[in-house]
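In: Here's a sequence, model it:
(one chain, ligands or ions: 2)
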Amino acid sequence: MPKISECTSSIYSALVKKIAFVTGNANKLREVKAILSSGAHPIEIDSQSLDIPEVQGSTQEVAIAKCRMAAKLLQGPCITEDTALCFEAMNGLPGPYIKDFLAKLGHEGLNKMLDGFSTRAAWALCTFAYSAGPDSEPILFEGRTDGTLVPARGPAVFGWDPCFEPLGTGQTYAEMDPARKNSLSHRCKALEKLRAYLQSFPQE
Ligand SMILES: O=P(O)(O)OP(=O)(O)OP(=O)(O)OC[C@H]1O[C@@H](n2cnc3c(O)ncnc32)[C@H](O)[C@@H]1O
Ligand SMILES: [Mg+2]
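Out: Ligands and ions are numbered 1, 2, ... in the order given. Okay, the predicted model is just below:
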């Protein structure tokens with residue numbers, strides 16, 4: 001006969017296995033899988049690549065609208081993620097609009113945006129949204145890493161990684177070993193909160 005802890009963990013895996021992570025970004029998916037598969041209670045992610053339209057608004061409004069739409073399309077539970085890069089000199093902009101700014105201006109252009117300002121301080125903000133299904137309001141889990149916007153250093157593999165240097169590290173995200181980035185990133189901080197929430201399911 002299985003022990004209670006074994007039953008709890010099998011209910012838990014059955015529940016979390018049904019949750020799809022909806023993203024069109026392969027780099028995000030790689031990091032999320034690496035972070036969630038480590039630790040005492042690994043979580044397996046079932047990924048879905050859907051192109052969900054993103055509304056304008058605060059990081060929270062963008063995240064909630066995207067997750068709502070994903071749950072409606074999938075007709076089931078899902079997780080979505082939005083990443084913002086915020087400049088202190090610009091009161092948090094480009095924020096959730098960083099994807100377009102990066103695509104149009106590149107790393108050099110992002111740096112030029114801050115020429116003439118007294119600070120190059122920036123923060124990376126990750127917002128995971130979990131929806132239990134199309135009729136449930138999404139719940140948000142945020143993680144923030146503070147740093148500086150710098151001229152690009154390191155391989156240009158993932159977004160703005162080459163021009164973001166977290167405080168006190170001396171390295172850009174792009175120069176870091178993936179495990180180092182995943183130990184201090186905006187994404188890992190948000191995922192720790194999401195993990196704790198998902199692990200509370202069997203007690204509900
Ligand atoms: O399908 P989704 O999950 O929305 O994927 P996306 O690529 O559209 O992602 P976002 O809407 O969250 O836009 C965030 C932008 O920031 C980039 N980005 C996200 N996380 C990053 C990270 O950890 N390091 C560097 N760039 C990142 C990403 O490539 C986008 O250009
Ligand atoms: Mg997107």
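
In: May I see the buried residues of the strand or helix carrying L105?
Out: Element membership for L105 (DSSP states H and E) is helix 98-113. For helix 98-113, burial by neighbour count (16 or more other CB atoms under 10 Å) applies to 98-99, 101-102, 107, 110-111, 113. In this view, the C-beta of every residue, glycine as well, is placed from N, C-alpha and C.

In: now, which of the residues you listed sits nearest ligand 1?
Out: K99 (3.6 Å; CB to the nearest ligand atom).

In: Number of residues surrounding the residue in the chain that ligand 1 sits nearest to?
Out: Residue nearest to ligand 1 within the chain (CB to the nearest ligand atom): G159, separated by 2.2 Å. By the criterion of other CB atoms under 10 Å, G159 has 21 neighbours.

In: Can you classify it by secondary structure?
Out: Under DSSP: H, G, I helix; E, B strand; the rest coil, G159 falls in the coil class.

In: contacting residues around it?
Out: 27, 83, 98-99, 102 (CB atoms under 8 Å, 6 or more residues apart in numbering).

In: possible to save the residues you listed as CSV with pLDDT?
Out: Shown next, in CSV, are these (pLDDT from 0 to 100):
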residue, pLDDT
N27, 97
T83, 98
I98, 98
K99, 97
L102, 98
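
In: restrict the residues you listed to those near ligand 1?
Out: 83, 98-99, 102 (CB under 6 Å from any ligand atom).
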